[in-house]
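J.: Sequence and predicted structure are below.
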Amino acid sequence: MTDQTQKDVLLELKDYSITFKTPDGDVKAVSNMNLTVRRGERIAIVGESGSGKSQTFLGIMGLLAKNGQTSGQALLEGRDVLALKPRELDKVRGKDMAMVFQDPMTALNPSLKISRQLTEQLEIHRGFTAKAASIEALDMLKRVGIPDPTRRFNLYPHELSGGMRQRIVIAMALLTKPKLLIADEPTTALDVTIQAQILDLFNDLTAEMNTALLMITHDLGVVAGLADRVAVMYAGNIVEEAPVDELFEKPAHPYTAALHAAIPRPDQDVDDLVVIPGRPPNLQHLPKGCNFSPRCPKVQDDCIDRPPQLETLAPQHCAACFHPFPRREELLTHA
Amino acid sequence: MLDQNTPGQTLLKVENLTTQFEIEAKSFFRKPTMLTAVNDVSFELKEGRTLGIVGESGCGKSTLGRSILQLIRAQKGRVVWQGKNLLDLTPEQIRLARRDMQIIFQDPIASLDPRMTVGDIIAEPLTVFEPKLSRAQRLERVQEIMAAVGLVPEMINRYPHEFSGGQAQRIGIARAVITRPKLIVCDEPVSALDVSIQGQVITLLRKLRKEFGLTLIFISHDLSVVRLISDDVLVLYLGRIVEAGDCATVFSAPAHPYTQALFSAAPIPDPKLARQRSRIRLQGDPPSPMNPPPGCPFQPRCWKSTDICRTQMPPTELVRQGQSAACYHMDRPPEA
């Protein structure tokens, strides 16, 4: 890597794992993950429930449940955020990296006016006076497309619609001009037409502010319109990572291919919906070999024997599979 | 409303159905306000067809489904089922009619009694509607239906919490089909499930529809899922049908601006297409059904609205064979 590209790197996960201690033994929710996020880049993390996609980034933000433990490194501009003391982390969190959650109602404090929720962090992180903070916050409300912002500034969260609340949460996250914005299923609780508005907003604002965006989602359709690069997670591992066009055109991992083929399309008649048999494995009883092997149409002896490692197949494209599985037609015959 | 030329027997006919809820008055002296959740809805459903009902949250799609099954009583209109208006029936008559009309709910786990075993849950409709069956006969029917929905027989004595969402939904489906109903209302049956599981459940519903000759009402906010399973589709907005017709026609040439916006907002899992296509960017949120706008319900967000839209509700008109819409400025086919 040259110096220039090294400078470009914003976040680097190295051998990053999350383990939860439970009465039934340890559960590894994320195992040995490596990921590089460059400045201004938009990366989507795709996976089904239980794939570890949310935990990964809760861990980076220091928001894991008490029985959760991280290992490895998460370097934000070269500094390991996992090693920070709580006080130090407070200075980074909300300032250099911010998070937008799925449910905008629970992300907002119901007993505080919108104005206070927005100005608080400006005063804390950027040392604004109350007056300057109000002006800045109002300006951000306009940028996230809140109609009649002056009036809404003095309302409580319950007085706003779901789409409006999510705009407030996004405004809140972007106020401190973070370098990294983590959005965890930010549109899942919203209606389609509102979802489209919010995705546009992410698109415009992150480009404008050169904020790197990590979009965590289960919806490949959302990913297609927004991300530059996609990482697919399955049972705590990244199984494939590629630029968005390549991932959709030439998925290498059978799971990615099947996931793509399993989505019904709004714009096409699909007669043969590919069905992935079975369900994701229990993290406490992972198979010995590849985690996807019990559901994989292309499974062979070596898949059951040992887990495949991520290997580079093309520039920027890697997958963890012994038998990359490329074509939809081939899938259909197995379904 | 829907194409009356489709061959087959009419199973269900809904006429001018209106369901209202009373919202508690703010003071003792004020009249309670009425919220109209379903507003003047009419359609006809032929036997063996699947009708998709699409709309965003609060559009009244679930209320419509429940009003048809009389789980919520409508204020006005008729629901004609096998020659009888369900709104005129006594509670006991409705209870008996439900043998032929079942429902599948969105949250698969919450819709199952946690203290009953899977076998008892699936057998319950039988104990209600076919009490004369012997224990052995009932068991046989339960096992038969479990096999049909893809549950292994060993699961019969387990409890709902031991199941994943997808399996729990199979239990809900088994319970719904065991009395061999004619109509099943599926209320967002796959929205709580992961993509890979969602495909399994839809495939199962398609299979059962064929095997049991079911007629389905499939309520969903997800256009892609509706397209996958439905023959006909209704688009609801603020309790009203804004567009209706057979799926192929409506999906290929939506006439109402709201339908067009809804389609263009649906994410397409193809990055190149997603970048290329021009999206209709709707402004604002859907209006509150407590305080509906005058005229067309969609006019405050519509880019085509004119003065007439703000004063008068547009009538429902035929767009082309198999498609109707309620809009003064709808896209009509070019004159032949």
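T.: Cool, the structure landed.
J.: What count of nearby residues applies to the closest residue to A:Val275 other than its chain neighbours?
T.: Once flanking residues are discounted, A:Val275 sits nearest to B:Gly199: 4.6 Å by Cβ to Cβ, 6 or more residues apart in numbering or on different chains. From N, CA and C alone the C-beta is placed, and that goes for glycine too. Look at B:Gly199: counted by other Cβ atoms under 10 Å in any protein chain shown, it has 27 neighbours.
J.: Check B:His329 too.
T.: B:His329 sits with 17 neighbouring residues when counted by other Cβ under 10 Å.
J.: mind checking the SS state of the residue nearest to A:Val275?
T.: Recorded secondary structure, B:Gly199: helix (DSSP: H, G, I helix; E, B strand; the rest coil).
J.: Run through the residues that contact it.
T.: Contact analysis of B:Gly199 by Cβ atoms under 8 Å, 6 or more residues apart in numbering or on different chains lists A:Ala262, A:Pro264, A:Leu273, A:Val274, A:Val275, A:Ile276.
J.: How about B:Phe21?
T.: Per Cβ under 8 Å, 6+ apart, neighbours of B:Phe21: B:Met34, B:Leu35, B:Ala37.
J.: Rounded mean pLDDT for stretch A:37-51, please.
T.: The average of the pLDDT scores along stretch A:37-51 is 93.
J.: Only alpha carbons, please: show that stretch as PDB.
T.: Extracted in PDB, the C-alpha atoms of stretch A:37-51 (Å, rounded to 0.1, in the frame of the first residue of the first chain):
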ATOM      1  CA  VAL A  37     -13.000   1.500   5.200                       C
ATOM      2  CA  ARG A  38     -11.700   4.500   3.200                       C
ATOM      3  CA  ARG A  39     -12.700   8.100   3.600                       C
ATOM      4  CA  GLY A  40     -15.900   8.900   2.000                       C
ATOM      5  CA  GLU A  41     -16.600   5.400   1.000                       C
ATOM      6  CA  ARG A  42     -20.000   3.800   1.200                       C
ATOM      7  CA  ILE A  43     -19.900   0.200   2.400                       C
ATOM      8  CA  ALA A  44     -22.900  -2.000   3.000                       C
ATOM      9  CA  ILE A  45     -22.800  -4.900   5.400                       C
ATOM     10  CA  VAL A  46     -25.400  -7.400   4.400                       C
ATOM     11  CA  GLY A  47     -26.600 -10.400   6.400                       C
ATOM     12  CA  GLU A  48     -29.600 -12.100   7.900                       C
ATOM     13  CA  SER A  49     -30.600 -11.900  11.500                       C
ATOM     14  CA  GLY A  50     -27.900 -13.400  13.700                       C
ATOM     15  CA  SER A  51     -25.200 -13.000  11.200                       C
END
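J.: That one close to chain B?
T.: Yes: looking at stretch A:37-51 against chain B by Cβ under 8 Å from any Cβ of the partner chain, the contacts come from A:Glu48, A:Ser49.
J.: Any buried residues in that stretch, and which?
T.: Applying a neighbour-count criterion of 16 or more other Cβ atoms under 10 Å in any protein chain shown, the buried positions in stretch A:37-51 are A:37-38, A:40-48, A:50-51.
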